[in-house]
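Engineer: predicted model and sequence below, questions to follow.
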Amino acid sequence: MQQEKRTVSFTQNESSRQLEICAGSLASALAAQAGGAHRIELCQNLEQGGITPSYGLIQQVLRRLTIPVMVLIRPRPGNFCYSPDEQAIMLADIAQCRALGCAGVVVGALDEAGRIDLPSCRALIEAAGPLQVTFHRAFDACPDQAQALTDIIGLGCHRVLTSGGQASALAGQAQLAALVRQAAGRISIMPGAGITPATLPALLAATGAHEFHGSARRLVASPAAAKATAFDVPRWETDAAIVAELAAQLAS
């Protein structure tokens, strides 16, 4: 059966600026909402770029939050070339997100040449049905971002999360501005990577983007352990005060 074409359009102005917070726990999700985030991207294992969160975490976050929840669909860390088994896992996770009542999903898949894997992505988007769809930072691994953006627009995604192919959005601001111009209102370009109160004003001025993605995290002090183990790793959580500062900058 041929997939029905998804049509997405945007009419953006300064009053529509949106802050998305990447949350890796219930505590971070609650802090994002308390600080004034417009929505969250929910994931786990953020230290390795994020993977799909557990059923229990999604369920509890949806019970506690009133802002939209987008769920990352990524079965493992590493590259974005997925096997048929991994594709099946992603389709099952999307079905679960629909059943739980999520606002949207965050997806992406590439072929071995670094191009958008159109058949895989079409299947993921078809499974999402009425949910919003963000194409994640697999986009930053594409050698030809202009062609990749054309492909993603054709797929009917609502937005692209990207650093402009650089280590941070600030470093990629020129490319981000070029992508916003290319998008021309057909899709939202959402800068992410290193979005802080110190970097956001410059990105607002340089890119023309209206949606921004950050984690607004702080290091959480752990109780002293009786014995040091390999499990004693740094733990980061979203800070409501940092979220509030970012939200205020977008509103000003």
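Structural biologist: Yep, that arrived. Numbers count the residues shown, from 1 in each chain.
Engineer: rest of the way, CA atoms for contacts and neighbours
Structural biologist: Will do.
Engineer: pLDDT on stretch 47-66, on average?
Structural biologist: Taken as a whole, stretch 47-66 carries a mean pLDDT of 96.
Engineer: between the two ends of it, how far is it?
Structural biologist: Using Cα to Cα, to the nearest Å, the end-to-end distance of stretch 47-66 comes out at 26 Å.
Engineer: residues making contact with it?
Structural biologist: 24-26, 29-30, 33, 42-45, 69, 71-78, 93, 100-102 (Cα atoms under 8 Å, 6 or more residues apart in numbering).
Engineer: again, only this time at 7 Å
Structural biologist: The contact list for stretch 47-66 (Cα atoms under 7 Å, 6 or more residues apart in numbering) reads 26, 29-30, 42-45, 72-77, 100.
Engineer: what about Asp232, which SS state?
Structural biologist: The three-state label given to Asp232 by DSSP: H, G, I helix; E, B strand; the rest coil is coil.
Engineer: could I have the buried ones of the contacts of stretch 47-66 as PyMOL selection syntax?
Structural biologist: To isolate the buried members of the contacts of stretch 47-66 in PyMOL, using 16 or more other Cα atoms under 10 Å:
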select buried, resi 26+29+30+42+43+44+72+73+74+75
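Engineer: please enumerate the helices of the protein.
Structural biologist: 26-35, 55-64, 84-100, 118-128, 145-155, 173-183, 200-207, 240-251 (DSSP state H).
Engineer: tabulate those helices in a markdown table, adding columns for distance to Leu219.
Structural biologist: Converted to a markdown table, the helices of the chain look like this (distance: least, Cα to Cα, whole Å):
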| stretch | distance to Leu219 |
| --- | --- |
| helix 26-35 | 12 |
| helix 55-64 | 21 |
| helix 84-100 | 29 |
| helix 118-128 | 34 |
| helix 145-155 | 34 |
| helix 173-183 | 27 |
| helix 200-207 | 21 |
| helix 240-251 | 13 |
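Engineer: deepest-packed of the ones you listed, please.
Structural biologist: Among the helices of the chain, ranked by average contacts under mean count of other Cα atoms under 10 Å, first place goes to helix 26-35 (a mean of 22).
Engineer: what angle sits between that helix and helix 240-251?
Structural biologist: Following axes from the mean of the first three to the mean of the last three Cα atoms, to 10 degrees, one obtains 40 degrees for the angle between helix 26-35 and helix 240-251.
Engineer: by contact count, what packs against helix 26-35?
Structural biologist: Other elements packing on helix 26-35 under the criterion 3 or more Cα pairs under 7 Å, 6 or more residues apart in numbering; DSSP states H and E are helix 55-64, strand 235-238, helix 240-251.
Engineer: and the ones you listed as TSV, adding distance to Ala167?
Structural biologist: Below are those laid out as TSV (distance: least, Cα to Cα, whole Å):
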stretch	distance to Ala167
helix 55-64	29
strand 235-238	20
helix 240-251	20
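Engineer: circling back: mind checking which of the contacts of stretch 47-66 are in strands?
Structural biologist: Counting by DSSP state E, the part of the contacts of stretch 47-66 found in strands is 42, 72.
Engineer: circling back to that earlier point, and the helices and strands packed on helix 26-35: which comes nearest Leu179?
Structural biologist: helix 240-251 (20.0 Å; Cα to Cα).
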